[in-house]
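Student: Sequence first, predicted model second:
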Amino acid sequence: MTANEVAQAIQGRLVVSCQATEGEIFHDPQLMARFAAAAVAGGAAAIRANGPADIRAIRGVTRVPIIGIQKVRHRDGKPLITPSFESARALVEAGADMVALDCSVRGQESGALDRIREIQKRLNVPVLADVADITEAIAAVQAGADFVLSTLRGYTEETDHAQDFDPSFIQDLIRASSVPVIAEGRISSPEQARQAVATGALAVVVGTAITRPSDIARSFAAAIESEYSRRTKVSHAIGIDLGGTQTKYGVVRSDGALLFRSAVETPAKSGVCAVLDNLKRAAEIATRHVQDAGHDPVAVGVATAGWVDTRTGRVVYATGNLPGWTGTRIGEELSAISGLPVAVENDANALAVGEKQFGAAKSFEHFVCVTLGTGLGGGCYVGGALNRGAHSIANQVGHIPIMSDGLLCSCGAQGCLEPYVNASALIRYAGSSYTSAAQVIAAANVGNEGARDAIRTLGRHLARGCATVVALLDPQALIFGGGLTENNPLLISVLTDELAKLVRPWKNRELRVMPSALGYYGGVLGVAAVAFDLAFDSKHGREDYVQTVARLR
Ligand SMILES: [Zn+2]
């Protein structure tokens, strides 16, 4: 196509940018082709697409002109658009009718202006200049660009201040350029697209607002949550659940809604600093999420395995599951960077608070939560209050002795319950063909007898420890959370049967044995509930909070 033919094909029309970079849900050429087909069906006159694979797939479903780009990570770590002649050639060979280049100052430093003529001459296609300001546009036109696009406005260091669509910039570009100007960048509504045409732009490119469903959903979710929070005066806390394998975190609303959640690997073997940095990063990401919706979080909660001094937020003692963690001042460290009150709580205690506030234990005054994963933790309510013991180290269900001269435990003693019922025990019972507890559970769920036997063995050991707890505390319910109880109905049924044999009397007790109602993010919800307690205890008194939560339920 010549530049004139392109201009005729797209003038007064919509161009849709169909891109999904690595790691995004729709990162797949066939899916991008579907997006392009949908865009064309809706009236797009051309498609802008990234990379030869996407372009080839899109060419397979539509004849409309394609603007090809190749985003490449540059030496400075930031992406650069079509930074070499070879990348342009690959786009044209894949079916692009024209090529766009980064002609910002950064692009020019990597030879973009010389590349314009080279591409036109050797590949015989029109070249579009992506720019961020007027000077860059003038330089690109002088170098021979056929079209100028406002794509990079707000994305370069010099224009970082311009974060919103600005029709007056399009107008300035048109005044300064002797070639047609195409509006692109942060155009998020039909009204803004109309304004772009009103300034005199030849065509309008829209991307995110049409082809990124997660971003579209996020904008709706944020608008709804923001207005709901304003109207009902609910507040937000950040919950971080530090496990031996994964760190889960999220934003929790005071009515128990989990608004945002994410999980990253815990760098347990890289040392205390790496684990702390991980927590700080999680707090920052979650805080930004709350602030984007127009609110501020009231507190941060961190759940961790081990013995925690909840008044100072310090880890008094941690087992070998988190090497070097003993003595870490989690509260101080996180409070210094977030400026918020930080509640630190043992992870099983946190789950118990979560189950009481938001989960399966709302109606119970006496219950015990057991978290089963890399290690084993316990949290319990006695008479409607969390039981901490004299030194905040009660409920160590994992260290109840069940064997004399038994296996070595992470605490250093022999014969504790934990090494008989944790994730590595389950893998050991199942045999060498499994590398994770989740694999064993999945195999059991599809009827593999070896895997089912492994779960039965674990259940029998766990029942012995739990029978001791029941004999001592007479709870209304035993609630199981953590990776090993996730999607594992067999374990709950084995436990119930075994406990019926061990607990005397069984009949009139009506003990409930159940999985956590809060699921994979139970620790996050639980420790956010602890954080709400801290924030409202210190600010408005606990009564207000209890009433707010009760009213919202
Ligand atoms: Zn132990």
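Tutor: That came in fine, so what should we check first? As the structure is a computational prediction, the values presented were derived from the model and not from experiment.
Student: Taking the centroid of this protein, which residue is nearest it?
Tutor: S262 (3.0 Å; Cα atoms, centre = their mean).
Student: wait, that residue sits on K248?
Tutor: Yes - proximity of S262 to K248 meets the contact threshold set by Cβ atoms under 8 Å, at 7.5 Å. C-beta here means a position set from N, CA and C on the backbone, and glycine is covered the same way.
Student: that's a strand at A263, yeah?
Tutor: Yes - using DSSP: H, G, I helix; E, B strand; the rest coil, the assignment for A263 is a strand.
Student: and the gap between it and K269?
Tutor: 18 Å (Cβ to Cβ, to the nearest Å).
Student: what about the helices in the stretch 51-200 of the chain?
Tutor: Counting by DSSP state H, counting those that start in this stretch, one finds helices in the stretch 51-200 of the chain at the ranges 52-59, 85-94, 105-109, 112-123, 134-142, 167-176, 190-198.
Student: can you pull the buried residues of the third one?
Tutor: Read it as helix 105-109. Residues V105, R106, G107, Q108 are the ones in helix 105-109 that count as buried (16 or more other Cβ atoms under 10 Å).
Student: again, but for the fourth one
Tutor: By 16+ other Cβ under 10 Å, the buried positions in helix 112-123 come out as A112, L113, R115, I116, I119, Q120, L123.
Student: picking up where we left off before, deepest-packed of the helices of the stretch 51-200 of the chain, please.
Tutor: Highest mean neighbour count among the helices of the stretch 51-200 of the chain (mean count of other Cβ atoms under 10 Å): helix 52-59, with a mean of 22.
Student: And it, what does it pack against?
Tutor: The contact analysis (3 or more Cβ pairs under 8 Å, 6 or more residues apart in numbering; DSSP states H and E) places helix 52-59 against helix 29-41, strand 44-50, strand 66-69, helix 85-94.
Student: Can you tell me what sits against it?
Tutor: 18-19, 29-30, 32-33, 36, 47, 49, 66, 68, 70, 90-91, 93-96 (Cβ atoms under 8 Å, 6 or more residues apart in numbering).
Student: let's see 6 Å
Tutor: Defining contact as Cβ atoms under 6 Å, 6 or more residues apart in numbering, one finds that helix 52-59 is touched by 29-30, 32-33, 36, 47, 49, 66, 68, 90, 94-96.
Student: Report the angle between it and helix 29-41.
Tutor: Taking axes from the mean of the first three to the mean of the last three Cα atoms, to 10 degrees, one finds helix 52-59 and helix 29-41 inclined to each other by 40 degrees.
Student: Only alpha carbons, please: show helix 52-59 as CSV.
Tutor: The C-alpha trace of helix 52-59 is given here as CSV (Å, rounded to 0.1, in the frame of the first residue of the first chain):
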residue,chain,number,x,y,z
PRO,A,52,5.4,-11.2,13.4
ALA,A,53,3.5,-14.0,15.1
ASP,A,54,0.4,-11.9,16.0
ILE,A,55,0.5,-10.2,12.6
ARG,A,56,0.6,-13.5,10.8
ALA,A,57,-2.4,-14.8,12.8
ILE,A,58,-4.3,-11.5,12.3
ARG,A,59,-3.6,-11.5,8.5
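Student: That one: how far from the chain's middle?
Tutor: What separates the centre of helix 52-59 from the centre of its chain is 29 Å, taken as Cα atoms, centre = their mean, to the nearest Å.
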